[in-house]
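**Q** everything below, folded, please.
(chains A and B)
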Number of protein chains: 2
Amino acid sequence: MSSTAKTNGKVHIAALDASLLTIELAETLKPIPTPGTYTFGDIKTDYMLVMTFDPLTGWSAPEIKPYAPLALDPASNCFQYCTNVFEGMKAFLDPAGKPRMFRPEQNMARLVTSAARMALPMFDPDALLVCINKLVSLESRWIPALPDHALYIRPTMIGTKPSIKVGASDHATLYVIVTPVGPYFQSSSGGVSLLAVGEHVRSWPGGTGGFKLGLNYSPGFVPQRIASDLGYDQVLWLLGEEKQITEAGAMNFFAVIEREDGGVNVVTPPLDGTILPGITRDSALVLLRAHAADPSKQLLALPASKPVYIEERVLTVPELAAASAAGTLLECFGTGTAVLVVAIERIGDVADPALKTITDIVMSAGNGLGPVGQALWDKLLALKEGRDDFHGWSVLCN
Amino acid sequence: MSSTAKTNGKVHIAALDASLLTIELAETLKPIPTPGTYTFGDIKTDYMLVMTFDPLTGWSAPEIKPYAPLALDPASNCFQYCTNVFEGMKAFLDPAGKPRMFRPEQNMARLVTSAARMALPMFDPDALLVCINKLVSLESRWIPALPDHALYIRPTMIGTKPSIKVGASDHATLYVIVTPVGPYFQSSSGGVSLLAVGEHVRSWPGGTGGFKLGLNYSPGFVPQRIASDLGYDQVLWLLGEEKQITEAGAMNFFAVIEREDGGVNVVTPPLDGTILPGITRDSALVLLRAHAADPSKQLLALPASKPVYIEERVLTVPELAAASAAGTLLECFGTGTAVLVVAIERIGDVADPALKTITDIVMSAGNGLGPVGQALWDKLLALKEGRDDFHGWSVLCN
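**A** Model prediction:
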């Protein structure tokens, strides 16, 4: 019995079935733009993958077809009540010129969790991944053959119940679009600055911050403008009077703090429901722990003389400020699919609600990625580009 | 200079201009269904009002045209990041058979506030209201000529920037749809039951609960299912370990508690940013305060022997439970545009996270609306239906 049938308690509606996938070819293909001439999200490729769920009939046959607008009833649940979830994935070209995705089953699993949190219809994540593979293969000419360039993949699921009655959407559209991307941040130094914001709170215990929902992002747009106006690239989201750190912009946050015994603590906030369970975050932690278990094997390019200790625990701005003052805050970095690993060069610590007094917390390792961030960047990019392997994380698109 | 021009720091883009409104008539009109044969949100009428904002040209000329799907780029901000806001209004037929709206300028002001919180383009609320008036007039044949029936009006604004880049939408579509409605809840007793939920939190300090955003609603769909499965109609949203009451379902919450001096306290949570500033809530408070200032004038049909004291303050579930046990919890009710005033008959107080132990808090005044709720219902409906007047709150559509 399919997951769709089980989840909805009905046995006669169609499950998502990748074997029914149809492909409608475009009459003409678009020209491929020169990498470096566009920014993240600008480019629309030739195709999209679309499937729809109807409560009476179940999942439609998936279709790959020319990129086109969606036509939706203005009363649709997605417009009115924001039952919208998404994923971020990337396909890289490996040394043989073949497209590869990185731990894609993790994205599929998270999309299922997100859909469930929005009370959206369920689907078979393996079937969706088969269809995404097909889309990436068909669109592989869009993957730039340059380092740190990729085809960004955006699975999106929206509630399409055509009624303004407040309640779960029993209709949905699941679609996937792709776009070629280069490095996410255009900063000359390669790092970003963060303004630590406490007045606006991204997430809360019992809230939805632990799920990848569209609705977690737009409340950040006004604080993002405030940060930009004050000369910071992104917001560092805080929680509570202790200024507990949750996320950095749309990235997970890591700090590297020197220990008295000569080692370093790599600290990141725990998955307590207020932060996104990032797949890059998880990959970084797995790699760091595997490295720490036997530093002599040099899984990560870090000196064995500086052992690494990994801590998933609450981290506060005052703790970072104290470490910075003591010269033990070696580096901070953010992780995410879009950025991979990005250096955090300074954190503006706001002392007053009027944003008049801001003290910058700086890193002892200087600007750009420090040793830990750089080692993770190198390893993760090598894995993503299929130049290296770790537990089969990099998967060929067939 | 228009508000659009000022807000965007540009002077050459077009402001929203009601004088440019065009009307495209439908070739045939739909049959009007019999009231009572449909539930809230089921019916699509003949027309919709639509206008769009482009960052280069400003607001388009508003159009009233046949109800039809919206065609949007799949990368649109509204799907990806939920930059969607809405309003709920109603048009009633007055004794002369003319459509009237209730304090519509309040809805327009709140829509502006909501759009600003989502970093959406600004618009002239007076111009929008002129266009809504035209739509309601054109659609007035859809207003059921029955008590407590109305044409529900749903202004909606969505971000339409066609890019997955995380950030504010500089494109938008503002549209208004309408639908004929009868009483919101179909309960035989006329009241609703609430499950007090603390595990899921609707809103928090620094969050967006004080704005009318689409994204405040969908996180409630899973808790709503939990409440329904346990036999409760709606969720009572709590905040913190003190079980502070914020909202009831999608309504504002009021409790009426007997005082030792023979009067009653009408208590509702304050507008601290975690609850919606409801227009029915505000209207109820204004009427209650005007009544309390001179009970002998009988603005509300309440006995002068039971003076009313209005308190906007923090209210907790333990306080309600204690009052219920002492026999002083006379009545609780919810307010909102969709429900007007609805009796809350019992509140399930959850003692354990597994939802095994739930104790019902009941009202001393029994089921159905108590004296205060009923007096507000009577007065507000009379005002909305234009059978009575108070400070010109009921406005004729021209």
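
**Q** excluding covalently adjacent residues, which one is nearest to A:Lys165?
**A** B:Gly41 (3.8 Å; C-beta to C-beta, 6 or more residues apart in numbering or on different chains). Every residue, glycine included, has its C-beta placed from N, CA and C.

**Q** what helix or strand is the one you found on?
**A** Per DSSP states H and E: B:Gly41 is located in neither a helix nor a strand.

**Q** which ones are touching it?
**A** By C-beta atoms under 8 Å, 6 or more residues apart in numbering or on different chains, the contact list for B:Gly41 reads A:Ala75, A:Ser163, A:Ile164, A:Lys165, B:Tyr152, B:Thr179, B:Val181.

**Q** would you format the residues you listed as CSV with secondary structure, distance to B:Leu129 and pLDDT included?
**A** Listed next are the contacts of B:Gly41 as CSV, based on DSSP: H, G, I helix; E, B strand; the rest coil; distance: C-beta to C-beta, whole Å; pLDDT from 0 to 100:
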residue, secondary structure, distance to B:Leu129, pLDDT
A:Ala75, coil, 21, 98
A:Ser163, coil, 25, 97
A:Ile164, coil, 20, 96
A:Lys165, coil, 25, 94
B:Tyr152, strand, 16, 97
B:Thr179, strand, 19, 98
B:Val181, strand, 20, 94
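
**Q** using TSV, lay out these together with distance to B:Gly278 and neighbour count.
**A** Formatted as TSV, the contacts of B:Gly41 follow (distance: C-beta to C-beta, whole Å; neighbours: other C-beta atoms under 10 Å in any protein chain shown):
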residue	distance to B:Gly278	neighbour count
A:Ala75	22	22
A:Ser163	22	21
A:Ile164	17	26
A:Lys165	19	16
B:Tyr152	16	22
B:Thr179	20	22
B:Val181	18	23
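
**Q** which two in these are spaced the farthest apart?
**A** A:Ala75 and B:Val181 (13.1 Å; C-beta to C-beta).

**Q** tally of neighbours for the residue lying closest to A:Leu215 once chain neighbours are set aside?
**A** The spatially closest residue to A:Leu215, leaving aside those adjacent along the chain, is B:Leu215, at 3.6 Å (C-beta to C-beta, 6+ apart). A count of nearby residues for B:Leu215, using other C-beta atoms under 10 Å in any protein chain shown, gives 26.

**Q** B:Leu215 belongs to a strand?
**A** No - applying DSSP: H, G, I helix; E, B strand; the rest coil, one finds B:Leu215 to be helix, outside a strand.

**Q** which residues touch it?
**A** Here B:Leu215 is in contact with A:Tyr81, A:Cys82, A:Gly214, A:Leu215, A:Ser218, A:Pro219, B:Cys82, B:Asn84, B:Thr208 (C-beta under 8 Å, 6+ apart).

**Q** pLDDT weak spots in the stretch 51-200 of chain A?
**A** The stretch 51-200 of chain A contains residues with pLDDT under 70 at A:185-189.

**Q** what residues does the stretch 151-300 of chain A put near chain B?
**A** A:152, A:154, A:156, A:158-159, A:162-168, A:175, A:177, A:179, A:198-201, A:204-208, A:213-215, A:217-219, A:221-222, A:224-225, A:250 (C-beta under 8 Å from any C-beta of the partner chain).

**Q** among the residues you listed, the buried ones, what's the PyMOL command?
**A** The PyMOL command for the buried members of those (criterion: 16 or more other C-beta atoms under 10 Å in any protein chain shown) is given here:
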select buried, chain A and resi 152+154+156+158+159+162+163+164+165+166+167+168+175+177+179+198+200+201+204+206+207+208+213+214+215+217+218+219+221+222+224+250
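
**Q** okay, and which of the residues of the stretch 151-300 of chain A next to chain B map to helices?
**A** A:Phe221, A:Val222, A:Gln224, A:Arg225 (DSSP state H).
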